[in-house]
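Visitor: compute the structure for the input listed below.
(chains A, B, C and D)
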2 protein chains.
Amino acid sequence: MSVESQRRAQLVEATIREIGTVGSLDVTVGQIAKRAGVSSALGFHYFGGKDSLLLAAMQHTLTIYGAQVRGALAMSHGPRERLEAVIRVSFIPTNFRSDVIAAWLNFYVLAQRSKRARRLLTIYHRRLHSNLVHDLKPLIGDRAPVVAERLGGLIDGLYVRSAITPKRVSGEDATAHVLAALDRELDAA
Amino acid sequence: MSVESQRRAQLVEATIREIGTVGSLDVTVGQIAKRAGVSSALGFHYFGGKDSLLLAAMQHTLTIYGAQVRGALAMSHGPRERLEAVIRVSFIPTNFRSDVIAAWLNFYVLAQRSKRARRLLTIYHRRLHSNLVHDLKPLIGDRAPVVAERLGGLIDGLYVRSAITPKRVSGEDATAHVLAALDRELDAA
DNA sequence: ATCTTTTGATTGACTGACCAATCAATCCAT
DNA sequence: ATGGATTGATTGGTCAGTCAATCAAAAGAT
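Guide: Next up is the predicted model:
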């Protein structure tokens, strides 16, 4: 791993952590750099500006998520099992860490003013949707797209809600909720 | 209406609009005041600080929402009809305006660092939950709380998602989604 | 009714802090 | 020594919050 890619990774990781602790995008490059153990100037050197750094952090979490989904799907067989896998991944500890959730929430905010952020988020939506549809189709046919929309909405809703519920909602609970909703939809077939 | 309460209302309204157009909480009191047609100093005079102004805007939207729910419930009879009413209100045009959605999303962010904001959001959650449980109970008994949690999560998820989906999701579509989810749960009784 | 006092609304100008971004100067590995 | 990595110092700009001054209208006094 080259020095450059190492620093970039440090800074991206620190960005997510910092957004998580501060709870908003009002994080200074200085704070992020300090957390990464480097000077703020280095942050600008490698990323060119604060926005690019935020975008990189966003892309990073999406890349991680995507890889996890692929991994989980590779180990699953049959539609039902694959659906469970896709749903589970959203709530495994890596993605359900409080700072990751906070960052995710703020990416939604970022998406309101940054075209690139919006594109990234749209990609996530589409990927989730298509994954769900792919394995819903053999089970419920034409109703797959609309049910996928519903399950996707529920996943995001539980995820966002968990950012503020005083009682930390466990990932297992959230997973169970979505799986239950899935079962209801399958029953209605 | 006294001058004071009039100005306060102007400023609160301008705050929501400004958050909506900027898309984040990075709004200056100056911008808000300008939109309200007054000087920034007046904003500080009446609210004491930026945070109080944001909180006031948040409380305002929640008050509106609460009143609408009460109104809708008053005109509904029977559990099923009342459930529909509660669900519908979240997506009527007043609450489904793009700037209101953006503001709402940012209130979630604000709740990460402001105890008062978190309390307000918790109150909303509890109210929604208890409304749903109240009318779910006669239909599905003990399963009411967990189903209410699910429906609440779905409502919030669709709401937040609508903030960024390029294709503007219509309030009717969102309502239909939640009502469909409700029907699935009732079928499973 | 008229003059005076008081109160509250309102603002423009100002400040102190903070921050993104820049850059010239070091550091360090090869 | 050379070139990329790294930084400290600096700058230009922005913004929350303050303050003294102005203005209008209500309240009181005669």
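Visitor: so what's residue A:15 up against?
Guide: Going by C-beta atoms under 8 Å, 6 or more residues apart in numbering or on different chains, residue A:15 touches A:27, A:32, A:53-54, A:56-57. Using the backbone N, CA and C atoms, a C-beta is placed for each residue, glycine as well.
Visitor: quick one: stretch A:165-185 to chain centroid distance?
Guide: With C-alpha atoms, centre = their mean, to the nearest Å as the basis, stretch A:165-185 stands 16 Å off its chain's centre.
Visitor: low-confidence ranges in chain A?
Guide: Confidence mapping of chain A against pLDDT under 70 gives the ranges A:1, A:166, A:189.
Visitor: and residue A:50, what are its phi and psi?
Guide: With angles defined as degrees, to the nearest 10, residue A:50 sits at phi -60, psi -40.
Visitor: let me fix that: residue A:97
Guide: Dihedral angles (degrees, to the nearest 10) for residue A:97: phi -60, psi 150.
Visitor: for it, which non-adjacent residue is closest in space?
Guide: Leaving aside its chain neighbours, residue A:97 sits nearest to residue A:20 (7.7 Å; criterion: C-beta to C-beta, 6 or more residues apart in numbering or on different chains).
Visitor: which element, helix or strand, includes the one you found?
Guide: helix A:3-22 (DSSP states H and E).
Visitor: next up, the contacts around the closest residue to residue A:41 other than its chain neighbours.
Guide: Leaving out its chain neighbours, the residue that sits closest to residue A:41 by C-beta to C-beta, 6+ apart is residue A:33, at 7.9 Å. Contacts for residue A:33 (C-beta under 8 Å, 6+ apart) come out as A:11, A:14, A:39-43.
Visitor: could you list the buried residues of the host helix or strand of residue A:33?
Guide: Residue A:33 is part of helix A:29-36, with elements assigned from DSSP H and E. Neighbour-count burial for helix A:29-36 flags A:29, A:31-33, A:35-36 (criterion: 16 or more other C-beta atoms under 10 Å in any protein chain shown).
Visitor: which residues touch the residue nearest to residue A:7 when sequence neighbours are not counted?
Guide: Among residues not flanking residue A:7 along the chain, residue A:46 sits closest, at 5.9 Å (C-beta to C-beta, 6+ apart). By C-beta under 8 Å, 6+ apart, the contact list for residue A:46 reads A:4, A:7-8, A:11.
Visitor: of these, grab the buried ones for ChimeraX.
Guide: A single ChimeraX command is used to select the members of the contacts of residue A:46 judged buried by 16+ other C-beta under 10 Å:
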select /A:7,8,11
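Visitor: can I get the contacts of residue A:46 in a markdown table including distance to DNA strand C?
Guide: What follows is the contacts of residue A:46, written out as a markdown table (distance: C-beta to the nearest atom of the strand, whole Å):
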| residue | distance to DNA strand C |
| --- | --- |
| A:4 | 13 |
| A:7 | 14 |
| A:8 | 16 |
| A:11 | 13 |
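Visitor: the residue in chain A that chain B sits nearest to: neighbour count?
Guide: Residue nearest to chain B within chain A: residue A:157 (2.4 Å; C-beta to the nearest C-beta). Other residues near residue A:157 come to 25 when the count uses other C-beta atoms under 10 Å in any protein chain shown.
Visitor: which of the contacts of residue A:33 fall in helices?
Guide: Within these, residues falling in helices by DSSP state H are A:11, A:14, A:40-43.
Visitor: any of those buried? List them.
Guide: By 16+ other C-beta under 10 Å, these give A:11, A:14, A:42-43 as buried.
Visitor: what is the nearest of the residues you listed to residue B:92?
Guide: Here the nearest of these to residue B:92, counting by C-beta to C-beta, is residue A:14; it sits at 42.6 Å.
Visitor: need the contact list for the closest one.
Guide: Residues in contact with residue A:14 (C-beta under 8 Å, 6+ apart) are A:32-33, A:35-36.
Visitor: please redo it, this time with the cut-off set to 6 Å
Guide: Neighbouring residues of residue A:14 by C-beta atoms under 6 Å, 6 or more residues apart in numbering or on different chains: A:32, A:35-36.
Visitor: the helix holding residue A:20 vs helix A:29-36, what angle?
Guide: On the basis of axes from the mean of the first three to the mean of the last three C-alpha atoms, to 10 degrees, helix A:3-22 is oriented at 110 degrees to helix A:29-36.
Visitor: ok, how many other residues are close to the closest residue to residue A:15 other than its chain neighbours?
Guide: Nearest residue to residue A:15, sequence neighbours excluded (C-beta to C-beta, 6+ apart): residue A:57, at 4.0 Å. When counting by other C-beta under 10 Å, one arrives at 25 neighbours for residue A:57.
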